[in-house]
Structures are given as C-alpha cells and as structure tokens.
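Trainee: Below: sequence and its predicted model.
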Amino acid sequence: MQSSLTLSLSQPATALTIPKSNYTVNHSLPFHPSKPINLRFCGLRREAFGGFSSLSRSQSLQSKFRSKKISNAISASLSDNGSAPKSFDYDLIIIGAGVGGHGAALHAVEKGLKTAIIEGDVVGGTCVNRGCVPSKALLAVSGRMRELQSEHHMKALGLQVAAAGYDRQGVADHANNLATKIRNNLTNSMKALGVDILTGFGTILGPHKVGYRRSRDSPFNIVTAKDIIIATGSVPFVPKGIEVDGKTVITSDHALKLESVPDWIAIVGSGYIGLEFSDVYTALGSEVTFIEALDQLMPGFDPEIGKLAQRVLINPRKIDYHTGVFATKITPAKNGKPVTIELIDANTKEPKETLEVDAALIATGRAPFTDSLGLDIGDLIPHLYCIGDANGKMMLAHAASAQGISVVEQITGRDHVLNHLSIPAACFTHPEISMVGLTEPQAREKAEKEGFEVSVAKTSFKANTKALAENEGEGLAKLIYRPDNGEILGVHILGLHAADLIHEASNAIALGTSIQDIKFAVHAHPTLSEVLDELFKSAKVKAHAPGSVSEPVAV
Ligand SMILES: Cc1cc2nc3c(=O)[nH]c(=O)nc-3n(C[C@H](O)[C@H](O)[C@H](O)COP(=O)(O)OP(=O)(O)OC[C@H]3O[C@@H](n4cnc5c(N)ncnc54)[C@H](O)[C@@H]3O)c2cc1C
Ligand SMILES: NC(=O)c1ccc[n+]([C@@H]2O[C@H](COP(=O)([O-])OP(=O)(O)OC[C@H]3O[C@@H](n4cnc5c(N)ncnc54)[C@H](O)[C@@H]3O)[C@@H](O)[C@H]2O)c1
C-alpha cells in the first residue's frame with residue numbers, strides 16, 4: 001500500500017558539512033512545482049522550536065518511536081478503503097504558517113481554492129518571529145546608533161549631537177513589538193480572506209490526508225485536501241561539538257531577544273546572520289571576532305563585493321577574524337570561566353588555538369525542518385509539494401512565498417516556472433549589500449561551459465548626487481552581462497539602500513529585459529536609482545545584438 005505514495009526526492013540529501021551559501025550553489029535551477037522537490041531529511045532535531053515539538057537530543061529516540069506510530073497511522077488511514085478519498089475537506093492544505101505558507105494561502109484564496117493552514121507554533125514562522133522581522137528592527141537601531149556615534153559624519157552634515165546611548169530592554173522591546181505586530185497582521189490577513197487556521201502539529205498520513213494534533217498524546221484530527229504543501233521551514237544548524245546554552249553560546253533564535261550585549265562576542269560563520277549581527281553588536285558596543293571555515297569572510301558574496309564589504313563593514317569596526325578554521329568545540333561560560341572555543345585548521349585539521357570570549361553566536365547555516373512529518377526518504381505521495389526553507393533551495397522569505405505562489409499556479413492549471421536567478425537577496429548591514437543572479441566567478445564558469453563572453457560594468461555611489469547629499473558616497477554597483485545579446489547575468493550592489501535598489505535589476509531578469517532596453521528607462525533625479533541607470537548605460541552591448549541601438553564596440 002505504501003508504494004502508492006509518490007513524493008519523489010530527486011536530489012540527494014546534503015551531507016552535514018559546511019552548508020555553502022544558497023547563492024553560490026543552490027539557486028541556479030529554476031523551481032518547477034510539478035517537478036519533484038528535494039525534501040532533505042538531515043536527522044537534526046530542532047532544539048529551539050517553540051512549540052510542543054521541541055526535541056532535545058535525548059528525545060530523538062522517542063521521535064523514532066513516533067515515526068513508527070505515524071507509519072502505522074498511515075497504514076491505518078490507507079486501509080480505511082485502500083485508496084485516496086473521493087471528496088476532500090479542502091482544495092489545499094498547507095503545513096506551516098510561515099511566510100511561505102502565508103504567501104501560498106493568500107494566492108490560493110485569490111484563485112478560489114478552499115484553503116486551510118496548519119501551524120504547530122505561532123503564525124509567522126522564522127521570518128516574523130525569529131528572523132527577518134526582529135533582526136531588521138535591531139538593524140534599524142544599529143543604523144541610527146552608528147550614524148549618531150559618527151562625529152565625522154555628523155560634522156559633515158553640520159549637525160551637533162550629544163553622545164548617543166541606548167536602553168537595551170527598549171531596543172529588545174522594539175524588536176519584539178514589531179514581531180507581534182507583523183504576526184497579527186499575517187494572522188488577520190488570512191482570517192479575513194477565509195483561510196482556516198488549524199492549530200497543531202501536522203503530519204502527512206497518506207495521499208491527500210493530513211493529521212494534526214496539539215500534543216503528542218492527543219489523537220490526530222484528520223483533514224483531507226486535493227493538494228498539500230509542506231512549508232515547515234528550517235532551524236539553526238549547530239555543528240557537532242558546539243554546546244548551545246541559550247545564554248553565552250547562542251543561535252539567532254536567542255540573539256534576537258537581545259537579553260544581553262556581551263563585551264566580546266565570537267560569531268561563528270560570516271554569512272548573512274553573522275554579518276548582520278556583527279553590525280548590530282558593534283553598533284551597541286561589543287567587540288566581535290569572526291570564525292569562518294572558508295578562506296575568506298563572506299564567502300557567498302561576489303568576491304569583489306566581499307572585498308569591499310571587508311573594507312567598509314569589517315576593517316573600520318571593532319572586528320577581528322580567523323578564516324580557514326573550524327570551531328570544533330565550544331563550551332558555554334560556567335562558574336566564572338569564559339566561553340571557550342577550540343579551533344582547528346579547516347584544511348589540515350590540526351588544532352590551532354583556543355579562544356576565550358564572553359559569548360558566541362553560532363551562525364553556521366540553517367537546516368530544513370522536515371522530520372516529524374511522518375515521511376521517509378523514498379515515500380512518494382501524489383499532490384504533495386514542498387516550499388520555502390523546508391526544501392533548502394534558497395532560504396529567503398520572499399523565495400518561500402514565491403515558491404508557494406508558484407505551486408498554487410501549478411495546481412490551478414498554469415505551468416508556472418519560478419526563475420531563482422531572478423530572486424534578489426540583501427544583507428541589511430550599514431551600508432547594505434544586495435545581489436541578484438550570478439556572481440562573476442559563477443558567470444565566467446557558465447560562460448566557459450556554454451561558450452559565450454562575459455563583460456562587467458561598474459558604477460560608484462561617489463558620483464551620485466543623492467548619496468553625496470546624504471554623505472553616504474561609499475558604494476559600488478556591479479553588472480555582469482553578456483555583451484553579445486545584452487542579457488543581465490547578475491547585479492551586485494554595496495551602498496546606501498542597496499536592498500531597495502536591486503529590484504530594478506531583479507525585475508529586469510525576471511521579465512527578460514535586456515540591457516539595450518533598460519538603458520532607455522528614465523530615472524528621477526536626484527535619486528539613488530541613478531546608480532543603476534548609469535550602470536546599465538555604461539554596459540557595452542554589441543551593435544548587432546537584437547534591439548541594440550548602441551554604437552559598435554570592439555569586444
Ligand atoms: C536571523 C534571521 C534573519 C533573517 N532575515 C531575513 C531577511 O532579512 N530576508 C529574508 O528574505 N529572509 C531572512 N531570513 C530567512 C527567512 O526567515 C526564511 O527564509 C523564511 O522564514 C522561510 O519561510 P518558510 O515559510 O519556508 O519557513 P518558516 O518561516 O520557518 O515557517 C515554517 C512554519 O512551519 C511551522 N511548522 C514546522 N513544522 C510543522 C508541522 N509539522 N506542523 C505544523 N507547523 C509546522 C513552524 O512553526 C513555522 O511557523 C532570516 C532568517 C534568520 C534566522
Ligand atoms: N538578510 C537576509 O536575507 C538574511 C539574513 C539572515 C539569514 N538569512 C538566511 O538564513 C540562512 C542562514 O544564515 P547563516 O548566516 O547562518 O548561513 P550562511 O550559509 O549565510 O553562512 C554560514 C557561514 O558559516 C560558515 N560555517 C559553517 N560551518 C562553520 C564552522 N563549523 N565553523 C566556521 N564557519 C562555519 C560558512 O562557511 C558560511 O560562511 C541563510 O540561508 C540566509 O539566506 C537571510
């Protein structure tokens with residue numbers, strides 16, 4: 001009977017080594033909802049999960065027991081009549097009410113689908129409660145602190161400001177209040193549109209069948225739907241040997257509560273979370289030590305942007321770093337002793353040194369949270385889709401939502417393909433970094449394989465009137481493109497409001513707009529968007545390219 005289940009697992013489970021940035025390895029394939037999606041079962045247990053599913057390591061045996069019970073439940077539910085139900089309670093059931101599930105639910109209602117969403121913890125998931133939203137509240141504070149503390153910047157604007165200070169609890173409250181507000185907005189938007197919000201932990205019981213229950217001991221409520229979306233998100237990935245106590249050795253789940261501002265904090269991992277928190281902590285007075293396994297900081301970024309980020313965001317701040325090292329053992333502070341961090345060389349695996357710090361933030365990636373769904377690798381379930389962080393393809397809030405919308409398009413009859421190369425990403429440091437598409441090395445690799453040329457154009461914020469008026473001239477925009485046909489391959493920006501500026505480029509990629517078309521679009525003056533206007537205008541597309549009216553250039 002179980003062999004009739006059809007959720008295909010097309011890609012191999014990723015080994016738990018260094019999770020490489022999503023932007024360097026994972027996003028090159030378009031997302032096609034009808035194609036089987038990788039559902040990675042990484043064997044991790046989610047310690048920080050707020051709901052009843054919170055599993056400590058010692059409970060993992062119980063979870064095996066639970067999986068067996070769930071398998072029995074699947075068998076039982078199928079043996080009711082041995083086939084899928086003939087009519088359904090819903091057109092669509094979504095498991096997980098994070099931003100991915102929310103985006104899918106809203107679009108499903110718009111498409112006229114009777115929709116339910118099952119949530120085991122709080123609506124909003126990681127982004128709203130433990131991710132984008134509270135972190136951006138902290139970053140809003142760090143941006144202002146940074147500005148107010150910069151005597152040089154203030155003087156240049158002719159301003160005089162007394163010494164800036166902050167109230168830690170007030171800052172923490174700002175982050176928490178914002179999360180509550182956005183969570184309520186999300187909940188209300190679904191209720192208003194008639195999405196049924198079912199509270200409990202969801203499990204796939206078979207084709208078209210989902211069980212959910214409030215606690216492990218309560219019986220399953222069973223609901224059926226024509227289609228099911230798994231949108232169960234992700235949890236912090238903590239490498240083996242690192243003991244998280246939630247006080248002195250923390251993940252982003254803890255750090256966002258801002259229960260303390262340590263004098264000296266080590267940040268393990270210099271990806272998105274590491275970099276954003278280094279911005280927050282240094283603005284609030286901490287000294288930061290980065291520990292990065294790869295040979296350079298911010299290894300996921302375009303290398304040129306990474307170098308500039310190091311010059312602007314790392315070197316002038318109270319930040320030092322160790323690259324090419326693994327933190328193999330981290331022990332929380334205890335009995336007056338500091339946090340200890342044992343480092344080994346990432347290549348030779350030889351011990352290097354032991355650091356003693358006040359606190360450590362573990363920012364070494366995230367792992368899909370897909371255990372407890374009652375699925376095993378090899379289970380095949382028809383009409384089952386997996387979106388967002390749970391499929392590990394591109395762990396961003398808007399990617400989760402876009403994938404959800406794409407699935408809904410698919411199940412309502414439109415063969416929709418989401419191009420992940422058009423999905424922008426941003427790191428909300430001061431100044432911000434943003435990107436879309438390929439990095440220069442990725443573009444050159446692709447060009448070599450496929451046999452085309454790559455060109456690069458750059459513009460600086462230093463010549464932009466608006467940036468200079470704000471006294472924020474530090475910044476660069478970089479365009480990677482094909483000179484033969486004007487295709488935009490990637491755009492990377494470091495500078496004031498880079499996160500907002502990237503959308504002109506991401507929309508152009510999504511809509512297939514070439515440089516020879518976009519260079520004639522008109523931008524208001526004086527705005528930061530002129531940085532991109534100038535960027536597109538400076539590209540040298542061959543005269544014979546379709547739609548090109550540019551002068552012939554030697555390439
Ligand atoms: C510190 C931090 C900052 C971030 N900042 C940004 C940012 O600025 N921009 C950005 O784009 N991304 C950011 N991200 C990433 C972003 O948060 C995620 O990509 C996004 O939340 C993924 O959405 P999702 O819906 O796939 O999963 P989630 O938001 O994790 O939601 C999954 C939901 O499913 C529920 N759930 C899990 N299992 C079950 C089950 N069996 N039954 C019922 N419910 C279940 C969970 O409780 C949760 O509510 C950040 C992440 C972190 C950690
Ligand atoms: N602004 C945003 O959009 C935003 C902000 C925060 C988080 N996020 C998302 O959350 C996810 C997780 O973020 P993240 O920063 O934890 O992951 P990441 O993948 O961006 O960076 C992890 C870093 O840790 C390093 N690393 C891994 N294991 C290590 C070890 N044992 N010792 C030393 N270094 C190690 C990696 O080389 C990498 O540089 C990302 O996928 C990101 O998309 C997005």
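Mentor: Everything's here; your move. Ligands and ions are numbered 1, 2, ... in the order given.
Trainee: hmm, stretch 290-302 in reach of ligand 1?
Mentor: No: judged by Cβ under 6 Å from any ligand atom, stretch 290-302 stays clear of ligand 1, getting no closer than 13.7 Å. No exception for glycine: its C-beta is placed from N, CA and C like everyone else's.
Trainee: quick one: buried residues of that stretch?
Mentor: 290-294, 297-302 (16 or more other Cβ atoms under 10 Å).
Trainee: Nearest to Leu139, out of those residues: which one, please.
Mentor: Nearest to Leu139 among these, counting by Cβ to Cβ, is Met298 at 16.5 Å.
Trainee: What are the contacting residues of stretch 441-450?
Mentor: Contacts with stretch 441-450, where a contact means Cβ atoms under 8 Å, 6 or more residues apart in numbering, come from 24, 28, 302-303, 437-438, 453-454, 480, 482, 489-490.
Trainee: Whichever of those end up buried, select them in ChimeraX.
Mentor: ChimeraX command restricting these to the buried ones, with burial defined by 16+ other Cβ under 10 Å:
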select :24,302,437,438,454,480,482,489,490
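Trainee: Now, the contacts of stretch 441-450 that are in strands?
Mentor: If you go by DSSP state E, the contacts of stretch 441-450 have 437, 480, 489-490 in strands.
Trainee: Could I get the contacting residues of the residue in the stretch 201-350 of the chain positioned nearest to ligand 1?
Mentor: Closest residue of the stretch 201-350 of the chain to ligand 1, Cβ to the nearest ligand atom: Gly233 (2.1 Å). Gly233 makes contact with 96, 98, 100, 125-126, 368-369, 388-390, 400, according to Cβ under 8 Å, 6+ apart.
Trainee: give me that answer again for 6 Å
Mentor: With contact taken as Cβ atoms under 6 Å, 6 or more residues apart in numbering, Gly233 is in contact with 96, 98, 125-126, 369, 389-390.
Trainee: Same check on Val210?
Mentor: Each residue near Val210 by Cβ under 6 Å, 6+ apart is listed here: 93, 202, 223.
Trainee: distance of the second one from Ile387?
Mentor: The gap separating Gly202 from Ile387 is 14 Å, by Cβ to Cβ, to the nearest Å.
Trainee: The two - which one has more neighbours?
Mentor: Remark: of Gly202 and Ile387, Ile387 carries more neighbours, 33 against 29, as counted by other Cβ atoms under 10 Å.
Trainee: what sits against the spatially closest residue to Arg214 that is not a sequence neighbour?
Mentor: Spatial nearest neighbour of Arg214, excluding adjacent residues (Cβ to Cβ, 6 or more residues apart in numbering): Gly200 at 4.9 Å. Contacts here follow Cβ under 6 Å, 6+ apart; on that basis Gly200 touches 212-214.
Trainee: again with Phe237
Mentor: With Cβ under 6 Å, 6+ apart, Phe237 has these contacts: 364-367.
Trainee: Could you look up the SS state of Val171?
Mentor: Secondary structure, DSSP: H, G, I helix; E, B strand; the rest coil: Val171 is helix.
Trainee: Please name the nearest non-neighbouring residue to it.
Mentor: Val141 (5.0 Å).
Trainee: And that neighbour, what's its pLDDT?
Mentor: In this prediction, Val141 carries a pLDDT score of 98.
Trainee: which strands and helices sit next to the helix or strand harbouring it?
Mentor: Under the criterion of DSSP states H and E, Val141 resides in helix 132-149. Contacts defined by 3 or more Cβ pairs under 6 Å, 6 or more residues apart in numbering; DSSP states H and E place helix 132-149 against helix 168-192, helix 272-283.
Trainee: Return the most buried member of those.
Mentor: Highest mean neighbour count of those: helix 272-283, a mean of 25 (counted as mean count of other Cβ atoms under 10 Å).
Trainee: Many thanks, have a good one.
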